[in-house]
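Novice: give me a model of this one.
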Amino acid sequence: MLKITRHNIDIELVQGDISQQPGIDAIVNAANAQLESGGGVAGAIHRAAGPGLADECRPMAPIKPGEAVISSGQRLPNPFVIHCLGPVYGKDKPSDRLLADCYRNALLLADKQKITSIAFPAISTGIFGYPIAPAAEVALNTILDTLIELKFLRRIKIVLFDQDMMNVFEKQMALLRRE
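Specialist: Now for the predicted structure:
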């Protein structure tokens with residue numbers, strides 16, 4: 001685990017499963033436009049949350065790239081799920097702005113709900129094809145740029161699925177620690 005603190009908010013990197021994050025108020029779903037179960041992060045979250053999550057999300061769909069909506073956590077150990085549609089790399093443009101919108105909108109929505117802790121996956125880096133290194137740079141820079149606007153969030157966790165992703169995000173985070 002690697003952690004930095006800025007504006008009294010802890011930002012940490014951990015390797016793990018986004019659907020298994022007890023002690024976190026909200027997890028972020030790397031959702032599809034219809035907010036349905038699928039592969040990767042969305043599938044893991046929907047399986048862990050149970051069928052009630054799909055029922056609750058159906059009226060909120062479809063969402064656009066960069067947009068974030070909130071639901072309950074159903075059977076997850078988290079009270080809330082923030083669903084965000086990341087860009088499909090090479091298709092949804094400008095992909096860097098849309099990816100940044102995902103992180104920013106999720107953070108602002110969480111703060112609006114007075115949520116104090118949130119966990120993100122590496123949005124768009126799976127089936128949506130966003131290269132990990134530029135995704136890490138966009139994610140971490142956007143999080144840092146948004147901190148000044150947050151009143152309630154105190155802990156931001158980025159949960160990375162495997163060691164390769166962890167290595168890339170740690171390298172980017174190390175650059176931020178020097179600032």
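
Novice: residues near Ser72, how many?
Specialist: When neighbours are counted by other Cβ atoms under 10 Å, Ser72 registers 14. No exception for glycine: its C-beta is placed from N, CA and C like everyone else's.

Novice: partner residues bridging it?
Specialist: Beta-bridge partners of Ser72, counted by DSSP bridges, are Phe80.

Novice: ok, for the spatially most central residue of the chain, nearest residue in space, not its chain neighbours?
Specialist: Centroid-nearest residue in the chain: Phe120, 2.9 Å away (criterion: Cα atoms, centre = their mean). Leaving aside its sequence neighbours, Phe120 sits nearest to Val28 (Cβ to Cβ, 6 or more residues apart in numbering; 4.6 Å).

Novice: low-confidence ranges, this structure, go.
Specialist: Applying pLDDT under 70 to the chain picks out residues 177-179.

Novice: picking that back up, off-centre distance for the helix or strand that contains the residue nearest to Phe120?
Specialist: In the assignment (DSSP states H and E), Val28 maps to strand 26-30. Distance, stretch centre to chain centre, for strand 26-30: 5 Å (Cα atoms, centre = their mean, to the nearest Å).

Novice: what's in contact with that strand?
Specialist: Residues outside strand 26-30 that contact it (Cβ atoms under 8 Å, 6 or more residues apart in numbering) are 18-19, 21, 35, 40-42, 45, 68, 70, 73, 76, 78-84, 86, 106, 110, 113, 115, 117-124, 126, 128, 159.

Novice: what's the lengthiest helix in the chain packed up against?
Specialist: Counting residues, the longest helix in the chain under DSSP state H turns out to be helix 95-112. Applying 3 or more Cβ pairs under 8 Å, 6 or more residues apart in numbering; DSSP states H and E, we find helix 95-112 packed against strand 68-72, strand 80-84, strand 117-120, helix 132-146.
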